[in-house]
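Trainee: Please work out how this folds:
(2 chains)
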Amino acid sequence: DAGVTQSPTHLIKTRGQQVTLRCSPKSGHDTVSWYQQALGQGPQFIFQYYEEEERQRGNFPDRFSGHQFPNYSSELNVNALLLGDSALYLCASSPIGAGGYNEQFFGPGTRLTVL
Amino acid sequence: GDSVTQMEGPVTLSEEAFLTINCTYTATGYPSLFWYVQYPGEGLQLLLKATKADDKGSNKGFEATYRKETTSFHLEKGSVQVSDSAVYFCALVDSGTYKYIFGTGTRLKVLA
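Mentor: Predicted coordinates:
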């Protein structure tokens, strides 16, 4: 059973560009959350998707947007990239029926570097 | 707002030493509490969890007890191994929200 998968593994962009990161949740999971983890810091919650809608959002600007597809996979889009957006972006999924309060299973992350 | 505070690292111990990593939290509701571990070059893995006061989570020799009166969820292990070297994150999700809050992480290094 595949766990949470993310693509790409690494990405290099320049300031002002746009980026799309992708996540496939673990089988049997319907809730996907996205996090930003700066070097040496804990993950910061960006938002959570459930039933193809954004259910909860952290303190991130509107440049960060997302989408969830009917197969529960998800995308994170970041527009007008800034140097400060350089980080590891983590996707996490939760089991169906967990209500969002259960443990999350994390993917390996996408390392984004903005030059 | 909700927050999690962890002791700063790095923590360096000899093999078989006793480990404590302190974690305290602030929450408006009744949060569930978690410890996650991140091994070098890998993603976060759930280590243990507790969903209500006085619950004890345990896994792989690690334990943590949900203490509502002290708003704490300290991680302990009686005898650490070199393979326990990793970064440990305390986290919470508050009831009524779906927003997970993580601490800044504590790096543990165990020497043979």
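Trainee: for A:F69, phi and psi?
Mentor: phi -100, psi 160 (degrees, to the nearest 10).
Trainee: interface residues of chain B facing chain A?
Mentor: Residues of chain B lying close to chain A (C-beta under 8 Å from any C-beta of the partner chain) are B:4, B:32, B:34, B:36, B:42-46, B:49, B:51, B:89, B:91, B:93, B:95, B:97-105. Where you see a C-beta, it was placed from the backbone N, CA and C, and this is true even at glycine.
Trainee: Show the buried residues in those residues.
Mentor: Among those, those scoring as buried are B:4, B:32, B:34, B:36, B:43-46, B:49, B:51, B:89, B:91, B:93, B:97-105 (criterion: 16 or more other C-beta atoms under 10 Å in any protein chain shown).
Trainee: Listing partners with orientation, what would you give for the helix or strand in which B:K49 is found?
Mentor: If you go by DSSP states H and E, B:K49 is part of strand B:44-50. Strand B:44-50 has its sheet partners listed here by DSSP bridges as strand B:32-38 (antiparallel).
Trainee: can you dump the C-alpha coordinates of the partner strand into CSV?
Mentor: The C-alpha coordinates for strand B:32-38 follow below in CSV (Å, rounded to 0.1, in the frame of the first residue of the first chain):
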residue,chain,number,x,y,z
SER,B,32,-5.6,16.1,20.8
LEU,B,33,-1.9,15.9,21.3
PHE,B,34,0.8,14.2,19.2
TRP,B,35,4.5,13.5,19.0
TYR,B,36,6.0,13.2,15.5
VAL,B,37,9.5,12.1,14.6
GLN,B,38,11.6,13.1,11.6
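Trainee: tell me how far that strand is from the chain's mean position?
Mentor: 5 Å (C-alpha atoms, centre = their mean, to the nearest Å).
Trainee: Give me the distance between A:Q68 and A:A2.
Mentor: To A:A2, A:Q68 is 18 Å away according to C-beta to C-beta, to the nearest Å.
Trainee: and if you look at B:P40?
Mentor: With C-beta to C-beta as the criterion, B:P40 and A:A2 are 22 Å apart.
Trainee: do the same with A:R57
Mentor: 28 Å.
Trainee: The two - which one has more neighbours?
Mentor: Comparing A:R57 with A:A2 by other C-beta atoms under 10 Å in any protein chain shown, the one with more neighbours is A:R57, at 15 against 8.
Trainee: excluding its backbone neighbours, what's nearest A:Y50?
Mentor: Nearest residue to A:Y50 in three dimensions, chain neighbours excluded: A:T31, at 4.8 Å (C-beta to C-beta, 6 or more residues apart in numbering or on different chains).
Trainee: Next up, phi/psi of that neighbour, please.
Mentor: The phi/psi pair for A:T31 (degrees, to the nearest 10) is phi -110, psi 130.
Trainee: neighbours of it, just the number please.
Mentor: Other residues close to A:T31 by other C-beta under 10 Å number 25.
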